[in-house]
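>>> Quick one, structure for this:
(chains A and B)
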There are 2 protein chains.
Amino acid sequence: MKVFIVFAHPEPQSLSGSLLRTTVEELKAQGHEVQVSDLYAMKWKSQVDREDFPHLPPDARLKVAYASAEATASNRLTDDVKREQEKLLWADTVIFQFPLWWMSMPAILKGWFDRVYSLGFAYGLGEYSDTRWGDRYGEGKMQGKKAFLVVTVGGWREHFSARGISGPIEDVLFTINHGMLYYTGFEVLPPFVLFQSDRADDAVFNSTVDELRQRLCTISTTKPIRYRPQNDGDYEIPALTLRPELGATSASGFSLHSIE
Amino acid sequence: MKVFIVFAHPEPQSLSGSLLRTTVEELKAQGHEVQVSDLYAMKWKSQVDREDFPHLPPDARLKVAYASAEATASNRLTDDVKREQEKLLWADTVIFQFPLWWMSMPAILKGWFDRVYSLGFAYGLGEYSDTRWGDRYGEGKMQGKKAFLVVTVGGWREHFSARGISGPIEDVLFTINHGMLYYTGFEVLPPFVLFQSDRADDAVFNSTVDELRQRLCTISTTKPIRYRPQNDGDYEIPALTLRPELGATSASGFSLHSIE
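Presented below is the predicted three-dimensional model:
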């Protein structure tokens, strides 16, 4: 396999840093090729702004989506963004590792998506008609590749359980797994989540490393989350609402969009 | 009222920029005091890193939460962060305006929360015992203040409806409204959302401005989202799972945590 790891934590000497090194070591020991984007170490630029589009005339209004489309089509994205897109195209498996901060990814990683997921690369692809609504949600440039999250969470597992106050971890991560990964065509494997990561002692750390290694040995056989493809008949087009006869047990919500 | 607006869009000459100017103008016309943090214009630093904690010895391991707690307690947060915290304390109403990018806020705004929401200011407050679990989810430093989101969305309203493929907009915004705003004690008003914002023509723009002005006239009477307070008996402590007899109609999911 060719595995691309996008890592977002500011401290190499952290539990997250140790888990990253475990991942790289284990994958290489299995004979896989590995590339890592360590966003803090790379001093990754977090925010989309005019500097992303140096060809835009200084007095032109910045329309982010249009500028992104034009730069993508004319191969004028900035070099740092192009390199990340090349790594995505090179990989057959992509791992995103980050601590959950305020229910989401750190800003530096959000900025990786905001910048690397350009129009014409990650969205705005394919036919928009009365039978299809673009190559997205199951289709797109990442089709045929797998992706999953490795997430460290300060809170307790119970707080993120079905009735926990934070919301179920599957729902908290839905906008990432479904809205960012499945959207571009990835098969999304279940996330690897360590709860109460701030309190992990040696025993917890060691068992976490064991579980992570095990997970890395079974990437090819782990079943992906069964999200519903957009263009295969489950959704009305162009409203993109789930057909009334499907998922009838839930009236609404994220869980409608995967098959149990 | 004292209204603090946190704005995250890179282009002043955008629809978002126009809506910001409308908001400021309308609030001032009503006699309210207004402060704006225009994050792009301020060149806000997006990512939490060592530079946030200049007092940390160069060879010390950066533990973000601990460094944040120490800097907060000793009044050694960086000046840019302190200014934002002062604006939050000054305000009685806070508006966050941003375009929805990849189902969430732009990186620069995520970085505002990652940095401004320090330990001892936004979390880690109050008593942790078998009857309370900190001042959070309805309690905290923002108690007594209102907040709401003004969000522009490229997708269609139907795509974000109860059965739409993106998930209901209430759920997409839940980790922000509940996990970031209600968490710190804000009363959270329903968001103001403009869908298909990239396609807004003059008629749509004008009606949006009218609706936004109307909304700004009724802040004091708009009913907040009825999220369930953490420490008032609805949740088991410390598991923080909703008591079995409550919210029985839904087995799980975000909607459990508000009262219809």
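
>>> so A:Glu170, which of the three states?
Following DSSP: H, G, I helix; E, B strand; the rest coil, we place A:Glu170 in the helix state.

>>> Check the one 10 residues further on too.
The three-state label given to A:Met180 by three-state DSSP is helix.

>>> That one: what's it in contact with?
For A:Met180, the contact set (C-beta atoms under 8 Å, 6 or more residues apart in numbering or on different chains) comprises A:113, A:117, B:102-103. Yep, even glycine has a C-beta here, placed from its N, CA and C like the rest.

>>> And it, how far from A:His257?
Distance, A:Met180 to A:His257, using C-beta to C-beta, to the nearest Å: 14 Å.

>>> A:Val153 is in contact with A:Ser16, correct?
No. Using C-beta atoms under 8 Å, A:Ser16 is not in contact with A:Val153, being 11.4 Å away.

>>> Can you pull the residues that touch both of these two?
A:99, A:197.

>>> quick one: pLDDT of the residue of chain A most remote from its centre?
Distance from the C-alpha centroid of chain A, by C-alpha atoms, centre = their mean, peaks at A:Asp59 (34.7 Å). pLDDT recorded at A:Asp59 is 91.

>>> Return the distance of it relative to chain B.
The gap separating A:Asp59 from chain B is 10 Å, by C-beta to the nearest C-beta, to the nearest Å.

>>> helix/strand/coil for that residue?
Classified using three-state DSSP, A:Asp59 is coil.

>>> ok, now which ones touch the residue nearest to the spatial centre of chain A?
Chain A has A:Leu181 as the residue nearest its centroid, 4.6 Å off, counting by C-alpha atoms, centre = their mean. Contact analysis of A:Leu181 by C-beta under 8 Å, 6+ apart lists A:142, A:147, A:188.

>>> what does A:Ile219 give?
Neighbour list for A:Ile219: A:1, A:93, A:146, A:189 [criterion: C-beta under 8 Å, 6+ apart].

>>> Please apply the same query to A:Val188.
A:Val188 neighbours (C-beta under 8 Å, 6+ apart): A:146-148, A:177-178, A:181-182, A:224-225, A:227.

>>> Please verify my assumption that A:Arg136 contacts A:Tyr183.
Yes. With contact defined as C-beta under 8 Å, A:Arg136 reaches A:Tyr183; the gap is 5.4 Å.

>>> Please identify every residue contacting each of the two.
Both A:Arg136 and A:Tyr183 are in contact with A:Tyr123, where contact means C-beta under 8 Å, 6+ apart.

>>> Comparing those two, which residue is more hemmed in?
Neighbours per residue (other C-beta atoms under 10 Å in any protein chain shown) separate A:Arg136 from A:Tyr183, with A:Tyr183 holding more: 29 against 22.

>>> That one in helix, strand or coil?
Going by three-state DSSP: A:Tyr183 is helix.

>>> Report the buried residues of the one helix or strand A:Val24 maps to.
If you go by DSSP states H and E, A:Val24 is part of helix A:15-29. Neighbour-count burial for helix A:15-29 flags A:15-17, A:19-20, A:22-24, A:26-27 (criterion: 16 or more other C-beta atoms under 10 Å in any protein chain shown).

>>> Can you list the strands that the very next helix or strand once past that helix pairs with?
Counting by DSSP H and E, the next helix or strand C-terminal to helix A:15-29 is strand A:33-38. Sheet pairing here is set by DSSP bridges, and for strand A:33-38 it gives strand A:2-7 (parallel).

>>> Contacts for the partner strand next, please.
Applying C-beta under 8 Å, 6+ apart, the contact partners of strand A:2-7 are A:16, A:20, A:23-24, A:27, A:32-39, A:87-88, A:90-98, A:109, A:112.

>>> which of the residues you listed count as buried?
By 16+ other C-beta under 10 Å, the contacts of strand A:2-7 give A:16, A:20, A:23-24, A:27, A:32, A:34-39, A:87-88, A:91, A:93-98, A:109, A:112 as buried.

>>> thinking A:Asp130 is in contact with A:Glu236, fair?
No. A:Asp130 is not in contact with A:Glu236 according to C-beta under 8 Å; the separation is 10.2 Å.

>>> Comparing the two, which shows the higher neighbour count?
Between A:Asp130 and A:Glu236, counting by other C-beta under 10 Å, A:Glu236 is the more crowded of the two (16 against 7).

>>> Hmm, the more buried one is touching A:Arg243, no?
Yes. Counting by C-beta under 8 Å, A:Arg243 is a contact partner of A:Glu236 at 6.2 Å.

>>> Just the endpoints, please. Distance across stretch A:103-112?
Start to finish, the residues bounding stretch A:103-112 are 17 Å apart (C-alpha to C-alpha, to the nearest Å).

>>> for stretch A:227-244, same thing?
End to end - C-alpha to C-alpha - stretch A:227-244 spans 17 Å.

>>> do stretch A:72-85 as well
11 Å.

>>> Tell me the buried residues in that stretch?
Buried residues in stretch A:72-85, counted by 16+ other C-beta under 10 Å: A:72, A:77, A:80-82, A:84-85.

>>> Sort out for me which of these are in helices.
Of those, the ones assigned to helices by DSSP state H are A:72, A:80-82, A:84-85.

>>> and which of these is nearest to B:Leu194?
Of all those, A:Thr72 has the smallest distance to B:Leu194: 25.7 Å, by C-beta to C-beta.

>>> Could you check how many residues crowd around the nearest residue to that closest one once chain neighbours are set aside?
In this structure, A:Thr72 finds its nearest non-sequential neighbour in A:Gly120, 3.7 Å apart by C-beta to C-beta, 6 or more residues apart in numbering or on different chains. Residue crowding around A:Gly120 was assessed by other C-beta under 10 Å; the count is 17.

>>> Please name the residues that touch A:Gly120.
Contacts of A:Gly120 (C-beta under 8 Å, 6+ apart): A:68-69, A:72-73.

>>> Try it again at 10 Å.
By C-beta atoms under 10 Å, 6 or more residues apart in numbering or on different chains, A:Gly120 lies in contact with A:65, A:68-74, A:77, A:141.

>>> before we move on, what about A:Thr222?
Taking C-beta under 10 Å, 6+ apart as the test, what A:Thr222 contacts is A:146, A:148, A:187, A:189-190, A:215.

>>> what does A:Trp101 give?
A:Trp101 touches A:8, A:107, A:109, A:152-154, B:48, B:64-65, B:110-111, B:113-114, B:117, counting by C-beta under 10 Å, 6+ apart.

>>> pLDDT score for it?
98.

>>> Quick check: which ranges of chain A have low pLDDT?
A:248-252 (pLDDT under 70).

>>> For chain B, see how far away A:Gly253 is.
Applying C-beta to the nearest C-beta to A:Gly253 and chain B gives a distance of 5 Å.
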